[in-house]
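> Make a model of this:
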Amino acid sequence: MSATAGAAGTFRLGGDLEVNRLGFGAMRLTGPGITGPPADIERAHAVLRRAVELGVDHVDTADAYGPHVNEELIADALHPYPPGLVIATKGGLVRNGDDADGWPKDGRPEHLKRACEGSLKRLRVEHIDVYYLHRPDPAVPYAESIGALKELKDEGKIRHVAVSNASVELLELARGIVDVAAVQNQFSLTDRRSRDVLDVCERDGIGFVPWAPLDAGALEPGGPVAEIARRHGATPTQVAIAWLLHASPATLPIPGTGSLEHLEENVAAAALELTSDELTQLDGLGD
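Residues are numbered from 1 along each chain as shown. Predicted coordinates for the structure are as follows:
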């Protein structure tokens, strides 16, 4: 099975940025523990270039990945960017270690404005196509953080504002301040906690970008995902990606990898057609 990222159709982020629904999450290109440079920088560059060759035109990153290194990898590999390539990045987290506590939140307007300026320089662009508030900061009123992104949009530094790790209530609060082009929340075959957010996105034409889209527990040998994969001559990972693409026309999966082989495998999932019975079976994994 082979395909390009365009096999699953397209979506218009913010109503004007048309992208193939299967994108690429660059986080895994960064070094061990998602800090520092990768062990093989040339391989990371090769993965990014091959993704674009395979039709990927939506690349997701963040200033916290590395920190900063991930954005630099993208610019080094792909700048000057091909026409139509959409790069989304994020601000609002600070990376300072490899443990679970190494992601402190900082949603202060002054920090977000500095973070955006840094991303502009590292990505070598005059404006960022899609800029996410990475995670709500409980120490800062959400409206203040979103207000800072609106100011950056008004200044022409951000084309579209987006939010990540947001509830329906926070999404609606943000939309009362600025148009929101996308939401990036955790979502997978067995983690449907953001289904209500996805429903709002589908209803209102907002892109829904699932992070952690590949639930390893659901992909174990001998399980229903593995059996469906066997029938199609596919891999469990491809089934998981295909299910996300079928879950809603608003879903924009961004599976990431540092491997050329896995990249080819992930992109091929855009062409995998699951039967109605298989989709029903997979839908039941979230019950």
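> Could you use CA atoms for every contact and neighbour count after this?
Will do.
> Contacts for the helix or strand containing Glu42, please.
Element membership of Glu42, judged by DSSP states H and E, is helix 41-53. With contact meaning Cα atoms under 8 Å, 6 or more residues apart in numbering, helix 41-53 is reached by Phe24, Leu29, Pro38, Leu73, Ile74, Asp76, Ala77, Leu78, Gly258, Ser259, Leu260, Leu263.
> Also stretch 208-221?
Under Cα under 8 Å, 6+ apart, the answer for stretch 208-221 is 182-190, 198, 201-202, 225-226, 236-237, 240-241, 244, 250-255.
> now the end-to-end length of stretch 28-35.
10 Å (Cα to Cα, to the nearest Å).
> and the spatially closest residue to Gly6 that is not a sequence neighbour, how many neighbours?
In space, and not counting its chain neighbours, Gly6 is closest to Asn20: 5.0 Å by Cα to Cα, 6 or more residues apart in numbering. Using other Cα atoms under 10 Å, the number of residues around Asn20 comes to 21.
> Isn't Asn20 up against His58?
Yes - between Asn20 and His58 there is a contact under Cα atoms under 8 Å: 7.2 Å.
> In the chain, where is pLDDT below threshold?
1-2, 32-33, 97-101, 215-218, 287 (pLDDT under 70).
> thinking again about what came up before, may I have the helix holding Glu42 exported as PDB, CA atoms only?
The C-alpha coordinates for helix 41-53 follow below in PDB (Å, rounded to 0.1, in the frame of the first residue of the first chain):
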ATOM      1  CA  ILE A  41      20.600  15.800  12.200                       C
ATOM      2  CA  GLU A  42      20.900  14.900   8.600                       C
ATOM      3  CA  ARG A  43      18.400  12.100   9.100                       C
ATOM      4  CA  ALA A  44      16.000  14.500  10.700                       C
ATOM      5  CA  HIS A  45      16.400  16.800   7.700                       C
ATOM      6  CA  ALA A  46      15.800  13.900   5.400                       C
ATOM      7  CA  VAL A  47      12.600  13.000   7.100                       C
ATOM      8  CA  LEU A  48      11.200  16.500   6.800                       C
ATOM      9  CA  ARG A  49      12.200  16.700   3.100                       C
ATOM     10  CA  ARG A  50      10.700  13.300   2.400                       C
ATOM     11  CA  ALA A  51       7.400  14.300   4.200                       C
ATOM     12  CA  VAL A  52       7.000  17.200   1.800                       C
ATOM     13  CA  GLU A  53       7.800  15.000  -1.200                       C
END
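> mind listing what's buried in it?
Ala44, His45, Val47, Leu48, Ala51, Val52 (16 or more other Cα atoms under 10 Å).
> hang on, the earlier thing: so how far is Lys113 from the residue nearest to Gly6?
Distance from Asn20 to Lys113, by Cα to Cα: 29 Å.
> Ala250 too?
Relative to Lys113, Ala250 is positioned 29 Å away (Cα to Cα).
> The two - which one has more neighbours?
Ranked by neighbour count (other Cα under 10 Å), Ala250 and Lys113 place Ala250 first, with 27 against 20.
> Contacts only, for the more buried one.
By Cα under 8 Å, 6+ apart, the residues touching Ala250 are Phe11, Leu198, Cys201, Glu202, Gly205, Ile206, Gly207, Phe208.
> CSV please, covering the residues you listed and showing secondary structure, neighbour count and distance to Asp154.
Shown next, in CSV, are those (DSSP: H, G, I helix; E, B strand; the rest coil; neighbours: other Cα atoms under 10 Å; distance: Cα to Cα, whole Å):
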residue, secondary structure, neighbour count, distance to Asp154
Phe11, strand, 21, 24
Leu198, helix, 26, 27
Cys201, helix, 23, 23
Glu202, helix, 16, 26
Gly205, coil, 18, 22
Ile206, coil, 24, 20
Gly207, strand, 26, 21
Phe208, strand, 27, 24
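> out of these, what pair is the most spread apart?
Using Cα to Cα, these span at most 14.5 Å, a distance reached by Phe11 and Leu198.
> sorry, back to before: now, which of the contacts of stretch 208-221 lie within helices?
Taking DSSP state H, the ones among the contacts of stretch 208-221 that sit in helices are Leu198, Cys201, Glu202, Val225, Ala226, Pro236, Thr237, Ala240, Ile241, Leu244.
> Can you tell me the closest non-neighbouring residue to the fifth one?
Beyond its immediate neighbours in the sequence, the residue positioned closest to Ala226 (Cα to Cα, 6+ apart) is Pro236, lying 5.2 Å away.
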